[in-house]
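Engineer: let me see the structure of the following:
(one chain, ligands or ions: 2)
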Amino acid sequence: MTIGHSGLARLAAAPDAASASSAPAGPYLLEMKGLSKRFGSVTAVSGFDASIAPGEFVTVVGPSGCGKSTLFNIVAGLEEPDAGSILRFEGKGCHAHELLGKVSFMPQRDLLLPWRTVIDNAVIAMEIEGRSRKASRAEARDMLPEFGLAGFGDQYPHQLSGGMRQRVALMRTFMFKRELMLLDEPFGALDALTRTMMQRWLLDVWRQHKRTILFITHDVDEALFLGDRVIVMSARPGRVKLELKVDLPRPRSAELVTSPEFIRLKRIVLEAIEEEAMKSFLASGAAAPQTDAMPEVQP
Ligand SMILES: Nc1ncnc2c1ncn2[C@@H]1O[C@H](COP(=O)(O)OP(=O)(O)O)[C@@H](O)[C@H]1O
Ligand SMILES: [Mg+2]
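Structural biologist: Ligands and ions are numbered 1, 2, ... in the order given. From the prediction side, this is the model:
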């Protein structure tokens, strides 16, 4: 992904976080204000502000290494943010560790346990909570068809396709019934076709289960296709570069991605993300690629 210098200059002139007002009015389920996190000399996230309303599907895109997973680790309660960061959940200020167990979280590398069947992988969180194994298993078995796993409950992960394994991990996350779900690049490793099918399927499941979803992706099409709102993060240290409301009708169908409105929104997100990708690229010590056409010099 490259942009020319004239494009960079134009983007640099554009105001940052152009439409911070695209968030719906409160009350919010989750509020993050001035969220920052340093690891030694690396500042992963700095001054991240966003508010998520109940029932929203918010997608987060940003260059690799900009702090997306760090942000999720904080909201999942696994990592404390630095002093001065403000977190509010259900209207009350809180420490990150107080959120542990209050949100359901599918980490970027959510490995299924190879020695456990589909059902036994799906019920892990409930088992840890001390719920009855028998009741959890019965509930998981009932959910199999909805997750495209009918007849596969007693299979082991190695017997499943990549898409099916992701659906088991998603089923586990949905079964841990919390209003807020964090999904960190859940379809990142899937081929394009499977990925498109999984996106449509996830929207159906989301509609049925009425949860609030924060979803990280590298893929701008995916971010727009799924989200009510897209948050574009800056290069590290990550903060909000742009928030964009995605006013596309639901239910969303495959044709949507070729509609003029989708393409208009995609252009806005791509411009923001490409500028940030270029910053990360330059920060890594690489020379800027020359993509603007140079005048031909005749000998
Ligand atoms: N536990 C950690 N210890 C030290 N550095 C970390 C840790 N977690 C993340 N980082 C660093 O923070 C930055 C952001 O990482 P991450 O949040 O994984 O980015 P992303 O998910 O956007 O690719 C990276 O430079 C990464 O190396
Ligand atoms: Mg990540």
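Engineer: what parts of the stretch 151-299 of the chain come near ligand 1?
Structural biologist: Selection of the stretch 151-299 of the chain residues close to ligand 1 by C-beta under 6 Å from any ligand atom yields residue 236. For every residue, glycine as well, the C-beta is placed using N, CA and C.
Engineer: and the helices in the stretch 151-299 of the chain?
Structural biologist: Listed in chain order, the helices of the stretch 151-299 of the chain (DSSP state H, counting those that start in this stretch) span 162-175, 192-209, 220-226, 260-283.
Engineer: in TSV: those helices, plus mean neighbour count and mean pLDDT.
Structural biologist: TSV is the format used below for the helices of the stretch 151-299 of the chain (neighbours: other C-beta atoms under 10 Å; pLDDT from 0 to 100):
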stretch	mean neighbour count	mean pLDDT
helix 162-175	22	91
helix 192-209	16	89
helix 220-226	23	96
helix 260-283	17	90
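Engineer: distance to residue 27 for those helices - can I get that in CSV?
Structural biologist: Listed next are these as CSV, based on distance: least, C-beta to C-beta, whole Å:
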stretch, distance to residue 27
helix 162-175, 24
helix 192-209, 20
helix 220-226, 23
helix 260-283, 27
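Engineer: of all those, which one comes closest to residue 127?
Structural biologist: helix 162-175 (10.6 Å; C-beta to C-beta).
Engineer: quick one: that closest one to chain centroid distance?
Structural biologist: Remark: helix 162-175 is offset 16 Å from the chain centroid, using C-alpha atoms, centre = their mean, to the nearest Å.
Engineer: what's next to it, contact-wise?
Structural biologist: Under the contact criterion C-beta atoms under 8 Å, 6 or more residues apart in numbering, helix 162-175 has outside partners 104-106, 110, 112, 118, 121-126, 136, 139-140, 143-144, 147-149, 152, 157, 160, 181, 183, 186-187, 189-191, 194, 197-198, 201-202, 205, 209, 211.
Engineer: quick one: buried ones out of those residues?
Structural biologist: Buried members of the contacts of helix 162-175, counted by 16 or more other C-beta atoms under 10 Å: 104-106, 110, 112, 118, 121-126, 136, 139-140, 143-144, 147-149, 152, 157, 160, 181, 183, 186-187, 190, 194, 198, 201-202, 205, 211.
Engineer: show me those residues that map onto strands.
Structural biologist: If you go by DSSP state E, those have 104, 105, 106, 181, 183 in strands.
Engineer: same list (those residues) but as a markdown table, adding pLDDT and distance to residue 94.
Structural biologist: Listed next are these as a markdown table, based on pLDDT from 0 to 100; distance: C-beta to C-beta, whole Å:
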| residue | pLDDT | distance to residue 94 |
| --- | --- | --- |
| 104 | 93 | 17 |
| 105 | 94 | 16 |
| 106 | 93 | 22 |
| 181 | 96 | 18 |
| 183 | 96 | 21 |
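Engineer: of those, closest to residue 225?
Structural biologist: For those, the nearest to residue 225 is residue 183 (14.2 Å; C-beta to C-beta).
Engineer: show me the contacts for the closest one.
Structural biologist: With C-beta under 8 Å, 6+ apart, residue 183 has these contacts: 106, 170, 173, 213, 214, 215, 216.
Engineer: again with residue 176
Structural biologist: Residues near residue 176 by C-beta under 8 Å, 6+ apart: 104, 125, 126, 129.
Engineer: what do you get for residue 198?
Structural biologist: Contacts of residue 198 by C-beta under 8 Å, 6+ apart are 163, 166, 167, 186, 187, 190.
Engineer: against residue 197, how distant is the third one?
Structural biologist: Meaning residue 167. 10 Å (C-beta to C-beta, to the nearest Å).
Engineer: again with residue 141
Structural biologist: Counting by C-beta to C-beta, the gap from residue 141 to residue 197 is 23 Å.
Engineer: cool, and residue 176?
Structural biologist: Distance from residue 176 to residue 197, by C-beta to C-beta: 24 Å.
Engineer: sorry, back to before: the contacts of residue 198 into CSV, with extra columns for distance to ligand 2?
Structural biologist: Output for the contacts of residue 198, formatted as CSV (distance: C-beta to the ion, whole Å):
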residue, distance to ligand 2
163, 21
166, 16
167, 21
186, 12
187, 13
190, 16
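Engineer: and the residue of this structure nearest ligand 2?
Structural biologist: When distances are taken as C-beta to the ion, the chain reaches nearest to ligand 2 at residue 69, 3.2 Å away.
Engineer: my guess is that residue meets residue 216, correct?
Structural biologist: Yes. Using C-beta atoms under 8 Å, residue 69 is in contact with residue 216, at 7.2 Å.
Engineer: quick check: neighbours shared by those two?
Structural biologist: Counting by C-beta under 8 Å, 6+ apart, the shared contacts of residue 69 and residue 216 are 108, 184.
Engineer: hmm, back to that, so which of the helices of the stretch 151-299 of the chain gets nearest residue 39?
Structural biologist: Of all the helices of the stretch 151-299 of the chain, helix 260-283 comes closest under C-beta to C-beta, at 16.3 Å.
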